[in-house]
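1. give me a model of this one.
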Amino acid sequence: SLCQDDFASPHAALKKEGHLVAMGVSAINNTESKGMFGQPVSAKLAMFKARNVMSNTTVFDLWESFERKPEVYKRDLEYLLTLLEKEKIKPNLAGRVPLYDVPEAQKKIQEGKIR
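-> All right, here's what the predicted structure looks like:
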């Protein structure tokens with residue numbers, strides 16, 4: 001399943017000068033039982049690790065932002081889309097895959113076959 005390795009595989013796939021932006025949406029679909037704060041304990045630990053331990057990593061928890069600060073969520077999303085439209089940011093994509101192929105693509109990233 002996607003990023004159930006605490007963001008270790010996407011972090012390992014980074015180029016030396018790369019920066020991982022960890023989006024916290026995978027916790028929403030996690031089938032693990034929910035902890036005290038509505039998310040699985042493992043998801044909370046993974047986000048803590050990404051925020052506080054991993055270098056070259058920024059965490060943006062979409063669900064948390066949407067729930068707690070919808071006006072900030074909307075502003076940030078509009079800003080991000082503007083940056084994309086103006087080509088100020090250019091995501092480095094290895095390719096596109098249908099949703100049903102995501103697990104296989106993630107496996108290839110973990111095995112170092114996709115960078």
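2. now residue 97: how far from residue 104?
-> Using CB to CB, to the nearest Å, we find residue 97 at a distance of 8 Å from residue 104. Glycine gets a C-beta too; all of them are placed from N, C-alpha and C.
3. between the two, which is the more surrounded one?
-> Under the criterion of other CB atoms under 10 Å, the comparison of residue 97 against residue 104 puts residue 97 first, with 13 against 10.
4. remind me which residues of the protein are low pLDDT?
-> Counting by pLDDT under 70, the chain contains low-confidence ranges at 1-6, 23-40.
5. tell me the contacts of residue 109?
-> Contact analysis of residue 109 by CB atoms under 8 Å, 6 or more residues apart in numbering lists 9-10, 13.
6. any of those residues buried? List them.
-> 9-10, 13 (16 or more other CB atoms under 10 Å).
7. ranges for the helices of the protein?
-> If DSSP state H is used as the criterion, the helices of the chain fall at 8-12, 41-52, 62-68, 70-85, 102-110.
8. dump those into JSON lines; add distance to residue 92 as well.
-> Shown next, in JSON lines, are the helices of the chain (distance: least, CB to CB, whole Å):
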{"stretch": "helix 8-12", "distance to residue 92": "12"}
{"stretch": "helix 41-52", "distance to residue 92": "19"}
{"stretch": "helix 62-68", "distance to residue 92": "20"}
{"stretch": "helix 70-85", "distance to residue 92": "13"}
{"stretch": "helix 102-110", "distance to residue 92": "13"}
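9. kindly indicate which of the contacts of residue 109 lies nearest residue 115.
-> Using CB to CB, the shortest approach to residue 115 within the contacts of residue 109 belongs to residue 13, at 5.5 Å.
10. make sure the closest one is actually in contact with residue 114.
-> Yes. Counting by CB atoms under 8 Å, residue 13 does reach residue 114; the two are 7.0 Å apart.
11. much appreciated, bye for now.
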